[in-house]
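1. model the following, please.
(2 chains)
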Amino acid sequence: MTPARRTGVIRPPTRPRGLSRRHFALALPSALLASGCAAPHQGTGRPGDPIVLTLLSHYASGELKAALQGPVDEWNATHDRVKVRTKAVEFTDLLTTFMVRQAAGQGADILHPYCLWNGQLVRAGVLRPAPPEHAEEIRRGYGEAAVGAASVGGEVYGYPTEMQTYALYYNKRLLREAGAAGPPHTWRELEETAYRTARRDRYGNTLVQGFGLSTYDDSTTVGQTLALLNAAGGRFVAADGRSTAIDSPAGRAVFGLEHRLVTRGASAPGVNVYQAFPSGQVAMVVGAGWWTGSLKSLMGSAYRDVGVAPVPVPEAHDERATLCTGFMLGVNTASRFPREAWQFLSWLNARKAGVKGASKGARATRMSTLQVSVGSLTGRADDMRTLLGAGGDPNLRPFLDALAYAVPEPNVPGAQQAKSLLRKNIEALWTGQQSVDEALRTTRRQVDQEVARSW
Amino acid sequence: MVNTLAPETTERAPHPTRAAAGALGGRGRARRRQAVVAYLFLAPALLFFAVFLALPLGFALLLSMSRWTGFDLGDIDPVGLDNFTGLFADGSTFLTPILTNTLLFALGTVALALAGSLLVATCIDKLRFQGLWRTLYFLPIVTTVVAVGNVWKYMYEPGGLVNGVLNALGLGSVAFLQDPDTALPAVVVVQAWASVGSAILVLTAGLKSIPGSYYEAAALDGAGPGTVFLRITLPLLRPALLFVCVTQFLTGLQSFALIIVMTKGGPGDATDVAALEMYRQAFSHGDWGTASAAAFVLFTVVLAITLAQLWIFRRKGEDA
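-> Now for the predicted structure:
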């Protein structure tokens, strides 16, 4: 019953007014606000509603994306209160995406940075230190290099995911044809084998590089040099993180070795080793563990010619060492649900689950299973031994063994720029723009200036 | 008598003055209303410029005098002119080789593209199927930089097409992109090749606008092709040449996509240019202050070069 009928007062009929402009103007912001609040972003936070955590990674391609989505789906199916949504961009856009989203207040709850950026991210207040129980879990469960990569200033900031150690890939056929009995163990053997296997045509075109040195990208150029530097007992950045230590006997030895290999024709830095090695045009090259998976699919049956050995050391009695790079999963300081985010990360990275297709009772963390499924490694040696088993690719063993003695890539604030500066100077050395001394001096001056900046 | 007349006048016409004032006030109100309406119509365009030009420019200026890592707007830390002095400090590579490379890259591109497009446009002007030729030369413009860069990169490689031709001629291979002496010229050639199409379009339009009577008169006077080109074509083509020159220089000074694809600024920093360095500083190294300061330095260089070009052409009688 209408009010008029209730009171018995008859009023003249009025035209239905609809929504006035004033009402519309008042209603629009409220509607937008309401729709914004109701948007499925991080959950409503109301009791009973699930919390939605966002995870931003570079697992954007088919295989990697599917590999991460598997455990995330498992978590979502078994956890009602906290859900996880993955977002992925290409690796080349990852840091930029972190920056833009963070500046816009849209940073993801869980970040998956390259450990090289950790100093930069910590300096900018993006990464939240791991709570003590999680830090302890990480220190206990991972190798020293993995923990070092995920730490800044001694404080742990996340769970290490894939870890890449560097080793020497060699082409067994090319070494055999050159009369080498096996892979080199010392730098002297490395040089001899490199000169014996290198071949050029009469126009100077490289047919076979004895030792592949490539200017393909920062990671390739610097990774090769730093692996050799670590093998010689040297470090790129000093322990205090405020200066470079490359201008040392070890640094001089590495620069000298590379300079000789280039000037004597055993290396052709312009050639892309990622194409040349699978084509049988490179006898030896230092590379990271992820490459084995690519080589298998690229080379087919020719993969049987590929061998992997530890990075040669200067002298036979020297201790082994190599470079280790990696990624980690950390929690954003801007996350509204850090406790839940750490719980999810612990479940993904530290809780063990049964491994499909492995022997009965075999258990490993979901992250390790994920990484091995895409041909990568994690910093958990026990998981790796379980997952790789006795029948796995023997070429992965040297990378796995290297987890025990690898040196983490420096991740101090300014590490990315230091790496770029080192690359420029290495290239200047390889192309004859600088001598060994000049390259060391310039690298020291430029890198010192960068890492010593007061941020 | 002014003193006596003046009050009289004011007293004599109080009403008309008020009316006039009222009319004036009405007209003023109408004008104001018109102005308001005009500004309302202009508002979308002004808002566009404010959001996409004035605001970023102001923000960039603020950043150029600050230290900011790119993550939190609350962390912008003013540092005065430190970023600018840092760019030109002892040991900095910004002036040499980065800014020098930028200028050489732009200059080389303009010189090659201008000479090439002038030659091709003159030839096309004398050919049949001019539309077809213009389309063919315009194709690189509609091709992505990544594709162009990669194709040329393969052509330059030791086993590539260019070295294949050199080898066929009995010459040794040249590591075009790996040798610091040849890397920049090699990239300049590609940039010029890629930008010659748009220059040809402008120059052919310029050639069409030259009255045929001049050429007829020159032919009657017995002028040769060289004289006709130098005395008629070139002077009358000056507006088109100015346009091509200015736009190509602007593009060359700000270009870096092709360099990223082909050399990533290497070997060493043999092909590093200002725009690439700005990109790296901001997006890779998180040093937005230095990147913004470099942007303003580059802006100053671009402005100075553009003004110099306009001045040179004006001295020769061409009004921009």
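2. next, count neighbours for A:S373.
-> 16 (other CB atoms under 10 Å in any protein chain shown). From N, CA and C alone the C-beta is placed, and that goes for glycine too.
3. actually, A:D93.
-> For A:D93, using other CB under 10 Å, the count is 14.
4. give the buried residues for the helix or strand harbouring it.
-> Here A:D93, judged by DSSP states H and E, is contained in helix A:91-103. Under the neighbour-count criterion of 16 or more other CB atoms under 10 Å in any protein chain shown, helix A:91-103 has A:L94, A:L95, A:T96, A:T97, A:F98, A:M99, A:R101, A:Q102, A:A103 buried.
5. got the contact list for that helix?
-> Residues from elsewhere that reach helix A:91-103 (CB atoms under 8 Å, 6 or more residues apart in numbering or on different chains): A:56-58, A:60, A:89, A:107-108, A:111-114, A:117, A:121, A:124, A:126, A:332, A:334, B:70-73, B:283-284, B:286.
6. excluding its backbone neighbours, what's nearest the residue in the stretch 101-250 of chain B that chain A sits nearest to?
-> Residue nearest to chain A within the stretch 101-250 of chain B (CB to the nearest CB): B:Q178, separated by 3.1 Å. Leaving aside its sequence neighbours, B:Q178 sits nearest to A:G270 (CB to CB, 6 or more residues apart in numbering or on different chains; 3.1 Å).
7. per-residue pLDDT, the one you found?
-> A:G270 is assigned 80 on the pLDDT scale.
8. then B:F138?
-> 82.
9. picking up where we left off before, as CSV, the buried residues of helix A:91-103 with distance to B:L236 would be great.
-> Shown next, in CSV, are the buried residues of helix A:91-103 (distance: CB to CB, whole Å):
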residue, distance to B:L236
A:L94, 54
A:L95, 52
A:T96, 48
A:T97, 52
A:F98, 55
A:M99, 51
A:R101, 55
A:Q102, 56
A:A103, 52
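10. would the residue of the stretch 101-250 of chain B closest to chain A count as being in a helix?
-> No: per DSSP: H, G, I helix; E, B strand; the rest coil, B:Q178 lies outside any helix segment and is coil.
11. please list all residues in contact with it.
-> B:Q178 neighbours (CB under 8 Å, 6+ apart): A:T215, A:A268, A:P269, A:G270, A:T431, B:P267.
12. 7 Å instead?
-> Residues counted as contacts of B:Q178 (CB atoms under 7 Å, 6 or more residues apart in numbering or on different chains) are A:P269, A:G270, A:T431, B:P267.
13. quick check: the third one touching B:L177?
-> Spelled out, that is A:T431. No: with contact taken as CB atoms under 7 Å, A:T431 and B:L177 are classed as non-touching, separated by 10.7 Å.
14. and chain A, what are its domain boundaries?
-> A:51-163+A:325-392, A:165-323+A:407-451 (automatic domain parsing).
15. walking through the stretch 351-455 of chain A, point out its strands one by one.
-> Per DSSP state E, counting those that start in this stretch, the stretch 351-455 of chain A carries strands over the ranges A:352-354, A:363-365, A:406-408.
16. for those, give me TSV that also has mean neighbour count, distance to B:W152 and mean pLDDT.
-> Formatted as TSV, the strands of the stretch 351-455 of chain A follow (neighbours: other CB atoms under 10 Å in any protein chain shown; distance: least, CB to CB, whole Å; pLDDT from 0 to 100):
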stretch	mean neighbour count	distance to B:W152	mean pLDDT
strand A:352-354	14	50	86
strand A:363-365	21	46	90
strand A:406-408	27	38	92
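17. hmm, back to that, would you mind identifying the next helix or strand past the helix holding A:D93?
-> According to DSSP H and E, the helix or strand after helix A:91-103 is strand A:110-111.
18. and that next one, what does it pack onto?
-> strand A:51-57, strand A:322-332 (3 or more CB pairs under 7 Å, 6 or more residues apart in numbering or on different chains; DSSP states H and E).
19. could you give the angle of the shortest one to helix A:91-103?
-> What it means is strand A:51-57. Put simply, strand A:51-57 runs at 140 degrees to helix A:91-103, going by axes from the mean of the first three to the mean of the last three CA atoms, to 10 degrees.
20. identify the residues contacting the following helix or strand past strand A:51-57?
-> Once the chain leaves strand A:51-57, the next helix or strand it forms, by DSSP H and E, is helix A:62-78. Outside of helix A:62-78, the residues within contact range by CB under 7 Å, 6+ apart are A:57, A:59, A:83-84, A:86, A:88, A:344, A:347-348, A:366, A:370, A:373-374.
21. repeat that for 8 Å
-> Residues outside helix A:62-78 that contact it (CB under 8 Å, 6+ apart) are A:55, A:57-59, A:83-84, A:86, A:88, A:344, A:347-348, A:366-367, A:370, A:373-374.
22. which elements pack onto the very next helix or strand once past that helix?
-> Under the assignment DSSP H and E, the closest C-terminal helix or strand after helix A:62-78 is strand A:82-88. Under the contact definition 3 or more CB pairs under 8 Å, 6 or more residues apart in numbering or on different chains; DSSP states H and E, strand A:82-88 sits against strand A:51-57, helix A:62-78, helix A:338-349.
23. residues in contact with A:R199?
-> Counting by CB under 8 Å, 6+ apart, A:R199 touches A:T206, A:L207, A:V208.
24. what is the lowest-pLDDT residue among the residues you listed?
-> The minimum pLDDT among the contacts of A:R199 falls on A:T206, with 86.
25. where does that one fall, phi/psi-wise?
-> phi -80, psi 120 (degrees, to the nearest 10).
26. my read: it touches A:A268, true?
-> Yes: A:T206 is within contact range of A:A268, at 4.1 Å (criterion: CB atoms under 8 Å).
27. any shared contact partners between these two?
-> With CB under 8 Å, 6+ apart, A:T206 and A:A268 have common neighbours B:P158.
28. those two: which is more packed in?
-> More neighbours surround A:A268 than the other of A:T206 and A:A268, with 29 against 23 (other CB under 10 Å).
29. helix, strand or coil for that one?
-> Going by three-state DSSP: A:A268 is coil.
30. from the rest of the structure, what touches stretch B:158-177?
-> Residues contacting stretch B:158-177 (CB under 8 Å, 6+ apart): A:203-206, A:268, A:270-271, B:153-157, B:182-183, B:186-187, B:262-263, B:267.
31. hmm, 6 Å instead?
-> A:Y203, A:G204, A:N205, A:G270, B:Y154, B:M155, B:Y156, B:T182, B:A183, B:A186, B:T263 (CB atoms under 6 Å, 6 or more residues apart in numbering or on different chains).
32. can you pull out the strands in chain B?
-> Residue ranges of the strands in chain B, as given by DSSP state E, are B:66-67, B:77-78.
33. pick the most deeply packed of those strands.
-> strand B:66-67 (a mean of 19; mean count of other CB atoms under 10 Å in any protein chain shown).
34. now that strand: mean pLDDT?
-> Strand B:66-67 comes out at a mean pLDDT of 92.
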